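Q: Give me a model of this one.
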Amino acid sequence: MSFNDNIHLDPSRVSTSGAGRKIAGAGGGSILGVLLILGFSYLTGIDLTSLISSQAPSSSSSSSSVDVSTCQTGADANERVECRMVATAQSLDEVWKTQLADQHTGVSYELPDFQIFTNSVSTACGSATSAVGPFYCPGDSTVYLDLGFFDEMVTQYGASDSVLAQEYVVAHEWGHHIQNLQGVFRTYNTRETGSQGAGVRSELQADCYAGVWMHWASSTPDPSTGTPYLQTPTSDQIMGALQTAEAIGDDRLQTKYQGTTNSESWTHGSAQQRATWLQTGLDSGSIATCNTWDVPRV
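A: The predicted structure is shown next:
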């Protein structure tokens with residue numbers, strides 16, 4: 001999926017250092033980012049718990065070499081990954097602001113912070129290094145991302161290197177922000193593991209929400225130009241996003257690192273589950289179809 005060249009980018013939408021913004025009522029506790037580390041350790045047998053700080057410092061990051069100040073247009077987003085993150089964030093903001101209202105969800109959109117970091121970062125969910133991968137912290141309502149992850153997901157996990165695959169990763173984390181606004185983390189115990197557990201249902205809902213964004217992204221305009229942020233995705237681009245969802249399924253990761261898989265320890269869902277729910281959101285564009293909580297089996 002490519003951005004339309006003439007859309008206007010606001011570099012201030014993405015921060016590369018400094019504190020994240022807290023929002024009132026941010027739920028889910030301060031454990032989600034930590035669970036990403038613990039979940040990966042459980043899946044792979046690799047001990048990453050040293051990446052977690054026992055403290056919960058204020059949101060800040062290490063110094064970053066990423067410069068988004070020259071990200072001005074959609075053409076910049078098509079050329080440079082850091083500018084692509086700015087454009088993706090702005091598109092996600094507009095889509096979710098519109099769809100939460102148009103689909104009568106009763107939830108008002110509040111912008112999350114989006115912070116690109118290198119090496120390590122301190123958040124309201126604890127401290128983490130770039131080895132954690134992208135994550136959303138409900139405690140400070142911030143999406144955290146080290147751009148190096150995009151190379152790792154291709155070389156280590158066999159994910160697609162397409163632009164839409166990168167955008168899917170960001171949109172999935174934005175999906176957790178929507179859940180936060182909906183009160184999901186206060187309602188469900190997302191620490192529960194297993195193929196039908198609340199943890200997996202939460203992650204699959206975030207995948208479905210990423211699909212909802214993909215459905216509307218090419219028809220939701222940049223308010224400053226009236227031009228949609230993104231062009232309509234091609235079938236190959238969609239396949240790349242689905243391939244990425246499958247590549248980071250619990251069964252694929254467990255098999256890769258352990259040689260076998262155990263559905264009772266799943267935290268994010270199988271390859272098939274993740275691709276299915278991403279496709280569900282993409283096909284329908286309906287937030288209601290992403291209700292993973294009320295279906296007997298996900």
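
Q: Number of residues surrounding residue 155?
A: 10 (other C-beta atoms under 10 Å). (Each C-beta comes from the backbone N, C-alpha and C, glycine too.)

Q: And the pLDDT at it?
A: Predicted confidence (pLDDT) for residue 155: 93.

Q: and residue 87, what does it touch?
A: Counting by C-beta atoms under 8 Å, 6 or more residues apart in numbering, residue 87 touches 3, 7, 9, 71, 74, 77, 229.

Q: Please apply the same query to residue 99.
A: 212, 216, 285, 287.

Q: any idea which element the second one lies in?
A: Same thing as residue 216. helix 198-217 (DSSP states H and E).

Q: helices or strands next to that helix in the packing?
A: Packed against helix 198-217, as judged by 3 or more C-beta pairs under 8 Å, 6 or more residues apart in numbering; DSSP states H and E, are the following elements: helix 81-102, helix 163-182, helix 184-187, helix 235-247, helix 271-284.

Q: Save those helices as TSV, and put in distance to residue 108 too.
A: As requested, those are arranged in TSV below (distance: least, C-beta to C-beta, whole Å):
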stretch	distance to residue 108
helix 81-102	7
helix 163-182	8
helix 184-187	16
helix 235-247	28
helix 271-284	21
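
Q: Ok, which of the ones you listed comes nearest residue 112?
A: Proximity to residue 112, assessed across the helices and strands packed on helix 198-217 by C-beta to C-beta, is greatest for helix 163-182 (4.3 Å).

Q: C-alpha coordinates for that closest one, CSV please?
A: Extracted in CSV, the C-alpha atoms of helix 163-182 (Å, rounded to 0.1, in the frame of the first residue of the first chain):
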residue,chain,number,x,y,z
VAL,A,163,5.0,-1.6,3.1
LEU,A,164,1.5,-2.8,4.1
ALA,A,165,3.1,-5.5,6.3
GLN,A,166,5.0,-2.7,8.2
GLU,A,167,1.8,-0.7,8.5
TYR,A,168,-0.1,-3.8,9.8
VAL,A,169,2.3,-4.0,12.7
VAL,A,170,1.7,-0.4,13.7
ALA,A,171,-2.1,-0.8,13.1
HIS,A,172,-2.1,-3.9,15.4
GLU,A,173,-0.6,-1.9,18.2
TRP,A,174,-3.1,0.9,17.6
GLY,A,175,-5.8,-1.8,17.9
HIS,A,176,-4.7,-2.2,21.5
HIS,A,177,-5.2,1.5,22.1
ILE,A,178,-8.7,1.2,20.8
GLN,A,179,-9.2,-1.7,23.3
ASN,A,180,-7.8,0.6,26.0
LEU,A,181,-10.4,3.2,25.2
GLN,A,182,-13.1,0.6,25.2
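
Q: Can you work out which other helices and strands pack against that helix?
A: helix 81-102, strand 135-137, strand 142-145, helix 149-155, helix 198-217, helix 235-247.
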